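A.B. asks: Build me a model:
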Amino acid sequence: MRIDLKTSIIDGLGVSAGDLVSIVGAGGKTSLMYGLGHELLASGKPVLLTTTTRIWRPERRRVPMVVLGPETSETAGRIADGIRSSGSVLAAREESGSKFRGFSPEFVEELYSGCRQWTVVAECDGAMGKSLKVPRDHEPPMAPSTSVFVVLVGVDCLGKSLGDDLIFQPSSISEVTGRGPDAMVDEDLVAEVVLSKRSYLGRKLPGARMCVMLNKVDPEVLDGAMGKAAPGGSALSLALKLKKNAAVERVCLGSLKDPGRRFLVVR
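C.D. replies: Now for the predicted structure:
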């Protein structure tokens with residue numbers, strides 16, 4: 001086990017050109033999707049951003065181009081043309097109110113198979129802005145060729161009770177962990193939520209590299225104040241617990257909103 005400091009999310013998660021990245025969990029999935037897209041584009045790597053669920057309509061200029069359309073060859077062609085001209089496209093099926101409805105995993109697979117030179121980054125889970133989640137039986141919808149499986153956790157859930165507003169459907173977490181609604185969310189509980197066969201570890205596709213992104217980590221943690229990530233728990237301690245499981249390739253700690261762009265990587 002080793003700990004490194006990285007200055008990009010690409011390096012933190014070990015994402016390479018041509019990967020199909022499926023982002024699941026809670027606590028910053030959309031920010032991670034855009035962050036990866038920005039870094040990939042800046043490094044000259046064409047990238048498709050998409051979703052198999054629903055995402056908020058992006059702010060203007062957050063992505064160079066948006067393509068909306070049904071799951072047809074014509075839409076696939078428009079996406080390919082957009083990536084050739086701008087390097088990066090956010091694509092989804094349609095606009096629904098203030099959100100975009102995503103594609104099916106099968107269509108994302110078709111898009112990825114059509115051009116393996118692209119990196120595809122797909123948001124594949126919904127958590128209503130919460131920081132900790134156990135997937136429901138039908139979740140997360142992912143393309144079969146997923147090569148990087150990123151489970152996101154917002155560490156601001158540490159030290160809270162299981163019934164806190166930061167927790168998505170606490171009853172589902174109780175079913176997996178056996179903890180009651182008044183239980184404190186500590187490192188052991190979060191590790192179980194991620195690593196249970198009834199949760200995200202059980203959803204990992206064969207051949208995919210599993211990474212855990214611990215988001216909302218106080219930058220002081222990266223400077224040596226390892227126990228200051230959140231009341232009642234340490235982000236680094238949680239990372240070490242997660243990395244002990246052989247299925248987890250790496251754990252990346254940091255804040256996706258930190259302008260310093262520093263990420264601690266345990267691998």
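
A.B. asks: where in the protein is pLDDT low?
C.D. replies: Applying pLDDT under 70 to the chain flags residues 221-233.

A.B. asks: Let me see the ranges of the strands in it.
C.D. replies: Along the chain, counting by DSSP state E, strands occupy 3-6, 20-25, 47-51, 54-56, 66-68, 88-92, 94-96, 99-101, 119-123, 148-154, 209-215, 248-253, 263-266.

A.B. asks: Is it correct that Gly254 is in contact with Val265?
C.D. replies: No: Gly254 is beyond contact range of Val265, at 9.0 Å (criterion: CB atoms under 8 Å). Bear in mind the C-beta positions are built from the backbone N, C-alpha and C, glycine included.

A.B. asks: Find residues that contact each of those two.
C.D. replies: Common neighbours of Gly254 and Val265 (criterion: CB atoms under 8 Å, 6 or more residues apart in numbering): Gly12.

A.B. asks: neighbour count winner among those two?
C.D. replies: Higher neighbour count among Gly254 and Val265: Gly254, with 26 against 21, using other CB atoms under 10 Å.

A.B. asks: Show the contacting residues for the nearest residue to the more buried one once chain neighbours are set aside.
C.D. replies: Distance criterion CB to CB, 6 or more residues apart in numbering; nearest residue to Gly254, sequence neighbours excluded, is Phe263 at 3.8 Å. The contact partners of Phe263, by CB under 8 Å, 6+ apart, come to Leu5, Lys6, Thr7, Ser8, Ile9, Asp11, Gly12, Leu222, Cys252, Leu253, Gly254.

A.B. asks: would you list the strands of the chain in a markdown table and tack on distance to Ser161?
C.D. replies: Shown next, in a markdown table, are those (distance: least, CB to CB, whole Å):
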| stretch | distance to Ser161 |
| --- | --- |
| strand 3-6 | 30 |
| strand 20-25 | 20 |
| strand 47-51 | 31 |
| strand 54-56 | 28 |
| strand 66-68 | 40 |
| strand 88-92 | 36 |
| strand 94-96 | 34 |
| strand 99-101 | 30 |
| strand 119-123 | 28 |
| strand 148-154 | 15 |
| strand 209-215 | 20 |
| strand 248-253 | 23 |
| strand 263-266 | 27 |
